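Q: have a look at this fold, sequence not included:
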């Protein structure tokens, strides 16, 4: 695995709205493999913080999300002139 791929996987794992399924689709790593990679790569305190943050987070698991696709946006996000 290249360093840039490793960095991107770690970044995606930390992102709240990036589901584990997206990491699996792009890099072939399921949730268990991502957890092992994070445990191996991060220092112990960072890993514990990450696990606490990710455990039960609905946005990290497509099956737990309340919507099929898309994202909510603020009405002011797309201003019409």
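A: The structure has been received and is ready for your questions. Everything numeric here is computed off the predicted structure, so don't read it as measured data.

Q: quick one, helices of this protein?
A: 3-14, 20-27, 31-41, 44-54 (DSSP state H).

Q: may I see these arranged in a markdown table, with distance to residue 60, mean neighbour count and mean pLDDT as well?
A: (Each C-beta comes from the backbone N, C-alpha and C, glycine too.) Output for these, formatted as a markdown table (distance: least, C-beta to C-beta, whole Å; neighbours: other C-beta atoms under 10 Å; pLDDT from 0 to 100):
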| stretch | distance to residue 60 | mean neighbour count | mean pLDDT |
| --- | --- | --- | --- |
| helix 3-14 | 9 | 14 | 93 |
| helix 20-27 | 6 | 16 | 93 |
| helix 31-41 | 8 | 15 | 96 |
| helix 44-54 | 5 | 13 | 93 |
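
Q: do you know how far residue 25 is from residue 12?
A: 11 Å (C-beta to C-beta, to the nearest Å).

Q: cool, residue 24 as well?
A: 11 Å.

Q: please apply the same query to residue 49.
A: Look at residue 49 and residue 12: by C-beta to C-beta, they are 17 Å apart.

Q: what touches both of residue 24 and residue 12?
A: Here residue 24 and residue 12 share no contacting residue, scored by C-beta atoms under 8 Å, 6 or more residues apart in numbering.

Q: these two touch, right, residue 47 and residue 34?
A: No. With contact defined as C-beta atoms under 8 Å, residue 47 does not count as touching residue 34 (11.7 Å).

Q: that'll do, ta.
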